[in-house]
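K.L.:
quick one, fold the following:
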Amino acid sequence: MADTVTTPRVRPALKTERPRLHKVILLNDDYTPREFVVEVLKAVFRMNESQAYRVMMTAHQRGACVIAVYTKDVAETKAKEATEMGRSQGYPLYFTTEKEE
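P.N.:
Numbers count the residues shown, from 1 in each chain. Here you go, the predicted structure:
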């Protein structure tokens, strides 16, 4: 009877890469009412009143403001949802995304 030598199977270690993050950015415009921008920030980005007001004022004063950082799909979905809320009311409110460095 021959001895059989069995070697254990070794699974290669897979390195999982963290998903790339994207910033959601609010761009200022001179037509969308401040109160409406605050309401959109509260609804889409779950901010409280004072957080939303600070973000809105930062965008107003600087021209743009980073709101939050998410994975690409989440960032794009939230930016689109927030922009569409403005469009539905006839405002040029615009949110965009860009890669986090």
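
K.L.:
quick one: secondary structure of residue 95?
P.N.:
strand (DSSP: H, G, I helix; E, B strand; the rest coil).

K.L.:
what bridges to it?
P.N.:
Under DSSP bridges, the beta-bridge partners of residue 95 are residue 26.

K.L.:
check the one 4 residues further on too.
P.N.:
With DSSP bridges applied, the residues forming beta bridges to residue 99 are residue 22.

K.L.:
excluding covalently adjacent residues, which one is nearest to the residue most central in space within the chain?
P.N.:
A centroid search over the chain (Cα atoms, centre = their mean) returns residue 75, at 2.8 Å, as the residue closest to the centre. Distances taken as Cβ to Cβ, 6 or more residues apart in numbering place residue 22 nearest to residue 75, at 3.8 Å, with adjacent residues excluded. C-beta here means a position set from N, CA and C on the backbone, and glycine is covered the same way.

K.L.:
measure the one you found to residue 11 for me?
P.N.:
Computed with Cβ to Cβ, to the nearest Å, the distance linking residue 22 and residue 11 is 32 Å.

K.L.:
those two - which one has more neighbours?
P.N.:
Under the criterion of other Cβ atoms under 10 Å, the comparison of residue 22 against residue 11 puts residue 22 first, with 22 against 6.
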